[in-house]
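# I need the structure of the sequence given here:
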Amino acid sequence: MGLPFYVSPEQFMKDKSDYARKGISRGKSVIALDYARGILFVAENTSRTLHKIAEIYDRIAFAGVGKFNEFETLRMHGVRQADVRGYSYSREDVSARALANGYSQVLGQIFTVELKPFEVEILVAQVGHDGQANEMFHILYDGSVTDEANFVAMGGQSEALTDHLRRNFKPGREIPARNLELAVLDRSRERRKFRRLSERESAELLGATAKGAGSTNGSGPDSGPNSGPAELPEPPSPEPGPSGDPPTS
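The predicted structure follows:
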């Protein structure tokens, strides 16, 4: 008679971590970085209707990689929490830091208690105003939170993208503008700072970046919040729209 199968708690947690990482690594990446007027988000995404980047509140945006249904659930949770806090107190009391702490607790609980962890990484970012710095909080599948500065990369190619950004946008892999999703938190706008960039704006921005490749664009170790591309085209009024993403992205 064989011995019963046994896995130590340490091995079980390691297996869950490996499982979550593999799911995330299959998705396409998202980056966020400081630029002159706020925070720029770039996601490789061929869908024009399902988004990886979305507005949560006036000055706060959300980005996710991994399983769409899981990070979309988290996004909606954050929207509800922000609305409740803003209604109960004031709009200024809604902060990226508080939302990141809430997400950390939810993901930590799921990772510890449930058999299957969420296969996601998410970012909560808030654009600064009146001289305040931008804030970017990177939350992992196990609830770990990192307070990032200048830029952050998530998803399947995060290590390569981070290394690429640290080298001040030296030329790398080219991606057609039609396969990208770009959005910004723009501090120069009125109450709602979030807006998406059109395909034309994305193409223009990528063309300008390619011409200026090798210059400092606000993502190197010594860059500050006001570094980066000087300006983006001024758009028409924003259309918030639904948030979403392909099933694994």
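# ok now stretch 152-162, how far from the chain's centre?
11 Å (Cα atoms, centre = their mean, to the nearest Å).
# average pLDDT for it?
Mean pLDDT, computed over stretch 152-162, is 83.
# same deal with stretch 105-125?
Rounded mean pLDDT across stretch 105-125 is 95.
# Now that stretch: buried residues?
Neighbour-count burial for stretch 105-125, counted by 16 or more other Cβ atoms under 10 Å, picks out 106-108, 110-111, 117-125. Bear in mind the C-beta positions are built from the backbone N, C-alpha and C, glycine included.
# Which ones among those map onto strands?
In this view, these that belong to strands under DSSP state E are V120, E121, I122, L123, V124, A125.
# can you redo these as a markdown table with distance to A183?
Below are those laid out as a markdown table (distance: Cβ to Cβ, whole Å):
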| residue | distance to A183 |
| --- | --- |
| V120 | 19 |
| E121 | 17 |
| I122 | 15 |
| L123 | 12 |
| V124 | 14 |
| A125 | 10 |
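# part of a strand, is V84?
No - V84 is assigned helix when assessed by DSSP: H, G, I helix; E, B strand; the rest coil, not a strand.
# What's the local residue count around it?
Counted with other Cβ atoms under 10 Å, the neighbours of V84 add up to 11.
# quick one: it and R192, what's the gap?
18 Å (Cβ to Cβ, to the nearest Å).
# wait, doesn't T162 sit right on M154?
No - using Cβ atoms under 8 Å, T162 is not in contact with M154; the gap is 9.5 Å.
# Between the two, tell me which one has more neighbours.
Using other Cβ under 10 Å as the criterion, T162 and M154 rank with M154 on top: 27 against 17.
# Now the more buried one: phi and psi?
Dihedral pair for M154: phi -130, psi 160, per degrees, to the nearest 10.
# List the contacts of it.
Residues in contact with M154 (Cβ atoms under 8 Å, 6 or more residues apart in numbering) are S29, V30, I31, A63, V65, E121, I122, L123, H138.
# same thing but at 10 Å, please
Applying Cβ atoms under 10 Å, 6 or more residues apart in numbering, we find M154 in contact with 24, 27, 29-32, 43, 52, 63-66, 120-123, 138-140, 161-162.
# Please tell me I have it right and T162 contacts V152.
Yes - between T162 and V152 there is a contact under Cβ atoms under 10 Å: 8.0 Å.
# which residues do T162 and M154 both contact?
S29, I31.
# In helices, which of the contacts of M154 appear?
Those of the contacts of M154 mapping onto helices are I24, L161, T162, per DSSP state H.
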